[in-house]
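Novice: fold the stuff below for me.
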Amino acid sequence: MALDEKILARIRQFQKNEITEYHIYNELAELESDANNRRVLADIAKDELRHYGIWKGFSNAEVQPDRFKVWRYLLIARFFGVTFAVKLMESGEEGAQENYGEIAAVIPEAEAIKVDENQHENELIAMIDEERLKYIGSVVLGLNDALVELTGTLAGLTFALQNARLVGVAGLITGIAASLSMAASEYLSTKAEGQEKDPLRASFYTGVAYVLAVVVLILPFLLLANPFLALAIALAGAIMVIFVFTFYFAVVRGVSFRKRFLEMVGVSLGVAGLSFLIGLLVRLFLGIDV
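Specialist: Numbering: from 1, shown residues only. I've put the predicted structure just below:
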């Protein structure tokens, strides 16, 4: 079949994508210690290599993988987990799948590859079993509670005390006590509900998530003298934490990022604003002057 240069260029790009993803999945499989996950990743790698072979039959050319992309996603997998890396990569390939549909009139095999990408590989990805994803609810609990409770506490204390160091120390004590309380509550709750999750691990994830949020929110008050500037930076830090975690959650769960992000930001900043007002009223009516 004689193909024009425009279509050949697209085919070579498809080849590059497929052979790159083959190397990513293959190397992830070699690094994976879990037998089930290793098998799933190896099966996806075989699919990618088969797709590469189909496109090679039309281009009659070898194409080299994008080594930087391979390195990048292997690094992402090490830090954020295999599921996040794989789903992030596949979401970035949606445009390529649309292009498959565009040239299906010229190359019928393109439609079959598109269906394979959408169905078979997505089914395989869903089979990946990652421990950290079992406890994502515990992380959500720790982060949500810390961000809502502590932003409100810090906002109220900022106007009531107007002393950055005092606000920071009070917030730190509150945060540490609350993190221990939340971890203990998660342990008892998980144990009582008889879930598949290990109660000790669930409490650990909740406590760690809470402490990380505490560090982000408290640090500005311990480093800066101006309490209002510290509060502004703490709120910006809270929004950044919400952004990063919501993006992670949206990718691994396949849910709307925008909806969850706006919801969490709205709740956290709403509570902070209300607490700020309460702090102002406390200062005015009780005559607190530090």
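Novice: for the residue nearest to Leu217 when sequence neighbours are not counted, what are its contacts?
Specialist: Using C-beta to C-beta, 6 or more residues apart in numbering and skipping the chain neighbours, the partner closest in space to Leu217 is Ala234 (4.7 Å). From N, CA and C alone the C-beta is placed, and that goes for glycine too. For Ala234, the contact set (C-beta atoms under 8 Å, 6 or more residues apart in numbering) comprises Thr151, Leu154, Val216, Leu217, Ile218, Leu219, Pro220, Phe221.
Novice: would you turn the residues you listed into CSV with neighbour count and secondary structure?
Specialist: Below are the contacts of Ala234 laid out as CSV (neighbours: other C-beta atoms under 10 Å; DSSP: H, G, I helix; E, B strand; the rest coil):
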residue, neighbour count, secondary structure
Thr151, 28, helix
Leu154, 29, helix
Val216, 19, helix
Leu217, 27, helix
Ile218, 25, helix
Leu219, 16, helix
Pro220, 23, helix
Phe221, 28, helix
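Novice: still on that earlier bit, can you pull the pLDDT of the residue nearest to Leu217?
Specialist: Per-residue confidence (pLDDT) for Ala234: 88.
Novice: and what of Arg165?
Specialist: 90.
Novice: how deep is it tucked in, by neighbour count?
Specialist: 14 (other C-beta atoms under 10 Å).
Novice: Ile233 contacts Leu224, doesn't it?
Specialist: Yes: applying C-beta atoms under 8 Å, one finds Ile233 in contact with Leu224, separated by 7.3 Å.
Novice: between the two, what contacts are shared?
Specialist: Residues touching both Ile233 and Leu224 by C-beta under 8 Å, 6+ apart: none at all.
Novice: which secondary element of this protein has the worst mean pLDDT?
Specialist: The helix or strand of the chain with the poorest confidence is helix 94-102; it has a mean of 59 (mean pLDDT, DSSP states H and E).
Novice: list the buried residues in whichever helix or strand comes after that helix.
Specialist: Remark: after helix 94-102, the chain's next helix or strand is helix 109-118, criterion DSSP states H and E. Residues of helix 109-118 classed as buried: Ala110, Ile113, Lys114, Asp116, Glu117 (neighbour count, 16 or more other C-beta atoms under 10 Å).
Novice: give me the secondary structure label for the residue positioned nearest the centre of the chain.
Specialist: Centre of the chain computed as the mean C-alpha position; nearest residue by C-alpha atoms, centre = their mean is Tyr248, 1.1 Å away. Taking DSSP: H, G, I helix; E, B strand; the rest coil as the rule, one finds Tyr248 in the helix state.
Novice: repeat for Val63
Specialist: Secondary structure, three-state DSSP: Val63 is coil.
Novice: okay, it and Ala112: tell me how far apart.
Specialist: Distance from Val63 to Ala112, counting by C-beta to C-beta, to the nearest Å: 20 Å.
Novice: what is the burial count for Ser91?
Specialist: Ser91, neighbours per other C-beta under 10 Å, totals 11.
Novice: and what of Pro108?
Specialist: Neighbours of Pro108 using other C-beta under 10 Å come to 9.
Novice: now swap in Lys69 and tell me
Specialist: Neighbour count of Lys69, defined by other C-beta under 10 Å: 17.
Novice: nearest spatial neighbour of it, chain-adjacent residues omitted?
Specialist: Thr20 (5.3 Å).
Novice: Glu149 reaches Ser181, doesn't it?
Specialist: No: the pair Glu149 / Ser181 is not scored as a contact, 10.4 Å apart, by C-beta under 8 Å.
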